[in-house]
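> when you get a sec, could you give me coordinates for this:
(chains A, B and C)
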Amino acid sequence: MTSTKAMAVPPAIALAHIDKRFGPVHANKDISLEIEKGTIHGIVGENGAGKSTLMSILFGFYQADSGEIRVDGKETHIASPTDAIRAGIGMVHQHFMLVGKFTVLENIVLGAEGGFVLNSGLAKARRELERLEKDYGLQVDPDAVIDDLPVGLQQRVEILKALYRGAEVLILDEPTGVLTPNEAEHLFRILKQLKAQGKTIVFITHKLKEIMAVTDRVSVMRRGEMVATVETAATSPEHLAELMVGRRVLLRVVKSEREPERSVLEVKNLVVKDAAGTAKVDGVSFIVRAGEIVGIAGVAGNGQSELLEAITGIRPPFSGEILLNGKPLPCDPAEARAQKLAHVPEDRHRLGIVTSFDACENVILGYHGDELYQKGIFQDRRAIRSDTEKKMRDFDVRPQDPYLRLGLFSGGNQQKIVLAREIEQDPDLLIVGQPTRGVDIGAIEFIHNRLIAMRERGKAVLLVSVELDEIRGLADRVLVMCGGASPANARRRRPRSRSAS
Amino acid sequence: MSAPSRELPRWVDIGLIPLVNLLAAFLVTGLVFLAIGESPLESVAIMVNGAFGYGTGLGYTLFYTTDFIFTGLAFAVSFHAGLFNIGAEGQAYLGGLGVALVCLPLGFLPMVIIIPLAIIGAALFGAGWAFIPAYLQAKRGSHVVITTIMFNFIAAALMIYLLVNVMSPKGSMNPETRPFDVNAHLPFIHDVLAGLGITIAKSPLNLSFLWALICAAAAYAGMKPQRLIIIAMLISGGLSGFLALNEIMGAQNRLLLEFTAGYGFVGIAVALMGRSHPFGIILAAILFGALYQGGADLSFEKPTVTRDMIVVIQGLVILFAGALEHMFRPRIAHFFTKPLKTKEA
Amino acid sequence: MEWLDLIAQVSGSAIRFSVPLLFACLAGLYSERAGVFDIGLEGKMLIGAFTAGTVAALTGSAWLGLLAAVLASVFFALLHGFASITHRGNQIVSGVAINFIAAGLTAQLGETWFKIGGQTPQLTNQERFMSLGWPFAEALRRIPVIGQVYSQVLSGHNILVYAAFLAVPLTWWLLYRTRFGLRLRAVGENPAAVDTAGISVQGMRYAAVACCGVLCGFAGAYLSIAQSAGFIEHMTAGKGFIALAALIFAKWRPIPAMWACLLFGVLDAISIRLQGVPIAGIGIVPVQLMQAVPYILTVILLAGFIGHAVAPKAGGVPYVKEK
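As a prediction, this is how the structure comes out:
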């Protein structure tokens, strides 16, 4: 059915036999892909599947070792982003390529200034920007400074930047990773509008829900290979997940009915203020009991981080009480650990791990004083090694090399190392922030099951996540935080299974 | 992709690459010698002989080595904490003040009491001078590189003021303090050994050399990189202060202007060359100590070569071993990783 | 009227003191705004001063001296670029190395070539940049304020002084009103954004350090063949670092950079005037305190007590294309 259409209109982008190696890593293996004009084409795959590499080749960041690229049916040599821009390809990067201190207008003209002296170029750009805003409904103040804009608007500037350069094909790399659900909805509307105006959109993500919501067709990549390209309407999340991982994945969390027991964590009227003195957590009270998972939902930045930091002793609370097993919890992370509280931080790079240390050192981080690791005044290298190896085996960390620098592990494996470290301490209370941020679908399943296992063993788990589905799937009770308070302290709900991606 | 360094054998990483960098620095040094009309080979011979060829020379080499172990360790400690303390110069200068404030009024005390007090004085004043930059970095995010540079200059101004207006004896035009009492002289190693019946050549090598080795050993035993900004900076400043023990208490026996002579900056090169590892630092410090002593002999033997030549050589070593350390690495890495890969396949 | 005369004289010498700072400060501005930290300003100035002194003495031309100073300083600036841009070396370490090499090399070569204690030969008036008297300067000297400003503050400087103050608006225009400036500022804030816009990050950064070299050459030449009549060992005496302090004080902006340099120049001029002279109610202010003021002010600024000095975001970080 599409073949007749393809005869009439050549695909916007046609990649044929693209192959790319980085040293020993075969990032793209003989990839062919056609993207129809005027469609939204999704590309899914786990981290490291080669999606970003493929798109970087298309955008001229890298050169393919072999293979060819056709744009509108014409063979095109793309050796740099400049070539890609000239061929009408624009890219919205996962990390925005914007200069924070510049205005919107300055960012948009950067690299396409139109002459040595800026004045005339800026005036022209301003007019062009007004036209684009009108055509696509992308309102943004051209004189606003980027740093002052919310991420959603910053992303809009990125899109405008590409359109200003005459992009017909727009590549979006994990565009929703930084957006709130609302902003994401808005983005999807913009994408559909762009499509209606005849633009072609390539949408890279690992979130299957988004693929189902917005794309016309979807291509699945796995370990550098293009596994399949299917019509979105003719597939399901389960099917895509299976294609991505190469085996059947349970997208649903299975857990048993369980009555919670005694209360483990009690938070009473907790107030936490930031350095400027504004209350980030404003009088929050709740209880977490043994054998239950309590989820804290809400858009990021509503005090969840501060709440976690206060409970784990990283940030002193302003007022209120925190009781662990009935005893007040001192504001000291080490002391909190000693009282059987374990913490998997939200931002593992900032708090949980040291990427320049090897796996061994990260496994003992925070527990380096434990007797197990000591031999006289020195550390017992052998004990540390065998312990690390055991944890890596139990948590299926790959590669199983205790002396590999942690920065060289994938996000999922880094997270498993942190989880292994914290769970194996056999804590009474496990506090987990964003357990699956930047983690592959296969690893997500593993991590969820581990959290459920904690619950089954009668431990208390406090879970903070911006992924609403994750909270719904795992938590027995949900607390919603909004502006530092928790208006909705939901009652206990029946455990229910939900799609979790 | 991003980890070529892991594949390298350890001896290549910490041995071969620094050696190649060093050779490059010496090669350019040779060109400078040619440019001023001196034979590089002859000059090298004089320098090597001057540094290691005879007892006193070796003693001087180890004397300078002591300075560089302290400043090298000082930089390495801060570096491990992710900080760039280039204020060793000022911290050492203030360390000198600490030593003088112990040695001048307490010169009547027995040596066994004065020495520990002077060590504490040097450490306290050095660390104290590092405290403000450390505090500003930790609490207010002020860039420690810039603040420590500024503190070097502030230290210099302060010390000039003190030595000219406050600490120099009445009627003296010299900007320096009166000599310390004999009890406050750090014993020379040749004297100590002579007391044990062992005779070695006279040299300014004093007990602070041993103290430097102890500090290095302690740094090694301390193992884990320090993660607390202020503590790391205080240790770093304290170690810098020990430079004054060697120079002020061990050789000059009075506080005087500019005794730090750029050693604080050389410490950066020492630490980088020694890969911020105590053993590496000792080796690199010996290299720089030999450069100093050999260079001094060279300028004595050859009037055309001034002591500024040592500064040039140091600069070149810092350039090639520090700033250009990655220049040869990819090529060397390529050479060593290739056979590995074919083995795997 | 005497105190007016005094103010005019101090202002005149403050301007002269601030010129090398201003050149070096603007030099650092180009480099650091592009994301390349440079604590080697001092060394490049020294190289420039030495080369200018040497070439002016050998050729008898101040202009050739200036040209040579610029070339030599640019060479070292590019060396800094080679280490920190091409080979992603540490920018601080590279700067330290250049300061060492410059200090040693100028002293050693001076001694080897001229054998007068590391100096270059005394220059005659024809071989250096002399002050330019403005028309009627002498005649207007007696008129209070306007005449004094005209003849003692504005007139009577050498051409490099005027060049330095012209460089300020020129830099401002380049930085904020041209494509070059936009890209230069962008590369110091977010090089990845520049890269994806199809502009060479390395090219921009090399251009910036080259500008830095040119201006350091001017700063050095001013010291040895305009302000003095020849090169003297270590004649920069920390001016490169004061310039760095001024740059931070000015929060990396050209017009405030001029004010900062003038402020530090005034402090310098006053400290020389006040040497040993008691001030009513305060007593003798130690010279050293006056000399330390720029550094102390900079630390206070960095501590965030007077405004906030925010360095270019990508400063000091070599650009590595991410996967």
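
> and the residue nearest the centre of chain B?
B:F68 (2.0 Å; Cα atoms, centre = their mean).

> can you give me every residue that contacts A:V157?
A:F96, A:L98, A:V104, A:N107, A:I108, A:V140, A:I146, A:L149 (Cβ atoms under 8 Å, 6 or more residues apart in numbering or on different chains). C-betas here are computed from N, CA, C, even on glycine.

> near chain B, which residues of the stretch 401-501 of chain A?
Within the stretch 401-501 of chain A, the positions lying close to chain B (Cβ under 8 Å from any Cβ of the partner chain) are A:L404, A:R405, A:G407, A:L408.

> and those residues, which is closest to chain B?
The nearest member of those to chain B, counting by Cβ to the nearest Cβ, is A:L408 at 5.4 Å.

> low pLDDT regions in chain A?
By pLDDT under 70, the weakly predicted segments of chain A are A:1-8, A:250-253, A:276, A:369, A:375-378, A:486-501.

> residue in it nearest to chain B?
As assessed by Cβ to the nearest Cβ, chain B sits closest to A:F22 within chain A, at 4.6 Å.

> ok, that residue - how many residues close by?
The number of residues packed near A:F22 is 14, by other Cβ atoms under 10 Å in any protein chain shown.

> distance of A:F357 relative to B:H80?
Between A:F357 and B:H80 the computed distance is 12 Å (Cβ to Cβ, to the nearest Å).

> looking at those two, which is more packed in?
Neighbour comparison, A:F357 and B:H80: the larger count goes to B:H80, with 20 against 17 (by other Cβ under 10 Å).

> and the more buried one, how far from A:C360?
18 Å.

> hey, where'd the helices end up in the stretch 101-250 of chain C?
C:137-140, C:146-148, C:159-177, C:179-189, C:191-196, C:201-222, C:239-249 (DSSP state H, counting those that start in this stretch).

> right, so these: which one is the most enclosed?
Greatest average neighbour count among these goes to helix C:239-249 (a mean of 28), per mean count of other Cβ atoms under 10 Å in any protein chain shown.

> name the helices or strands packed onto the helix or strand that that helix is followed by?
Sequence order places helix C:254-273 as the next helix or strand after helix C:239-249, per DSSP states H and E. When contacts are defined as 3 or more Cβ pairs under 8 Å, 6 or more residues apart in numbering or on different chains; DSSP states H and E, helix C:254-273 packs onto helix C:2-33, helix C:159-177, helix C:239-249, helix C:287-302.

> of the ones you listed, which approaches B:L104 most closely?
helix C:287-302 (20.9 Å; Cβ to Cβ).

> any part of stretch A:47-56 near chain B?
No: applying Cβ under 8 Å from any Cβ, one finds stretch A:47-56 out of contact with chain B, separated by at least 10.1 Å.

> contact partners of that stretch?
A:15, A:18, A:20, A:27-29, A:31, A:33, A:43-45, A:62, A:91, A:94, A:171, A:173, A:202, A:204, A:206, A:221-225, A:244, A:410-412, A:438-440, C:323.

> show me what contacts the residue of the stretch 1-150 of chain C found nearest chain A?
Using Cβ to the nearest Cβ, the single residue of the stretch 1-150 of chain C nearest to chain A is C:R33, 11.0 Å away. Contact partners of C:R33, counting by Cβ under 8 Å, 6+ apart, are C:L175, C:L184, C:R185, C:G188, C:A208, C:W252, C:P312.

> among these, which are in reach of chain A?
Near chain A, by the rule Cβ under 8 Å from any Cβ, you find C:R185 out of those.

> now flag whichever of the contacts of C:R33 is closest to A:I452.
Distances from A:I452 to the contacts of C:R33, taken by Cβ to Cβ, are shortest for C:P312, at 48.0 Å.

> what's the nearest residue to the closest one if we skip its chain neighbours?
Excluding the flanking residues, the one nearest C:P312 by Cβ to Cβ, 6 or more residues apart in numbering or on different chains is C:G188, at 3.7 Å.

> again with C:P294
C:F264 (4.7 Å).

> so that neighbour sits against C:S18, correct?
Yes: look at C:F264 against C:S18 with Cβ atoms under 8 Å: they come within range, at 6.6 Å.

> so what are the domain limits for chain A?
Residue ranges for the domains of chain A, per automatic domain parsing: A:2-245, A:258-340+A:427-501, A:352-425.

> figure out which of those is closest to B:E301.
Closest among these, using Cβ to Cβ: domain A:352-425, at 46.9 Å.

> quick one: that closest one near chain C?
No: under the criterion of Cβ under 8 Å from any Cβ, chain C is not reached by domain A:352-425; the shortest gap measures 12.4 Å.

> separation between the most centrally placed residue in chain A and A:E467?
Nearest to the geometric centre of chain A sits A:G438, at 4.1 Å (Cα atoms, centre = their mean). Distance, A:G438 to A:E467, by Cβ to Cβ: 12 Å.

> for B:N174, which non-adjacent residue is spatially closest?
Leaving aside its sequence neighbours, B:N174 is closest to B:S168 (6.2 Å, by Cβ to Cβ, 6+ apart).

> how about B:F188, what does it touch?
B:K202, B:S203, B:P204, B:L205, B:N206, B:G250.

> mind running it again at 6 Å?
Applying Cβ atoms under 6 Å, 6 or more residues apart in numbering or on different chains to B:F188 gives the contacts B:N206.

> now swap in A:P260 and tell me
A:R289, A:G291, A:E292.

> so what's the closest residue to A:G326 other than its chain neighbours bridging to?
Leaving out its chain neighbours, the residue that sits closest to A:G326 by Cβ to Cβ, 6+ apart is A:E266, at 7.7 Å. Under DSSP bridges, the beta-bridge partners of A:E266 are A:I287, A:L323.

> what's the burial count for A:E266?
Neighbour tally, A:E266, other Cβ under 10 Å: 18.

> repeat for C:I15
So C:I15, with other Cβ under 10 Å, has 22 neighbours.

> state the distance from it to chain B.
Distance, C:I15 to chain B, using Cβ to the nearest Cβ, to the nearest Å: 23 Å.

> likewise for C:G35?
14 Å.

> next up, the contacts around that residue.
C:G35 neighbours (Cβ under 6 Å, 6+ apart): C:V187, C:G188, C:P312, C:A314, C:G315.

> let's verify it: helix, strand, or coil?
coil (DSSP: H, G, I helix; E, B strand; the rest coil).

> quick one: it from C:G198, how far?
Taken as Cβ to Cβ, the span from C:G35 to C:G198 is 18 Å.
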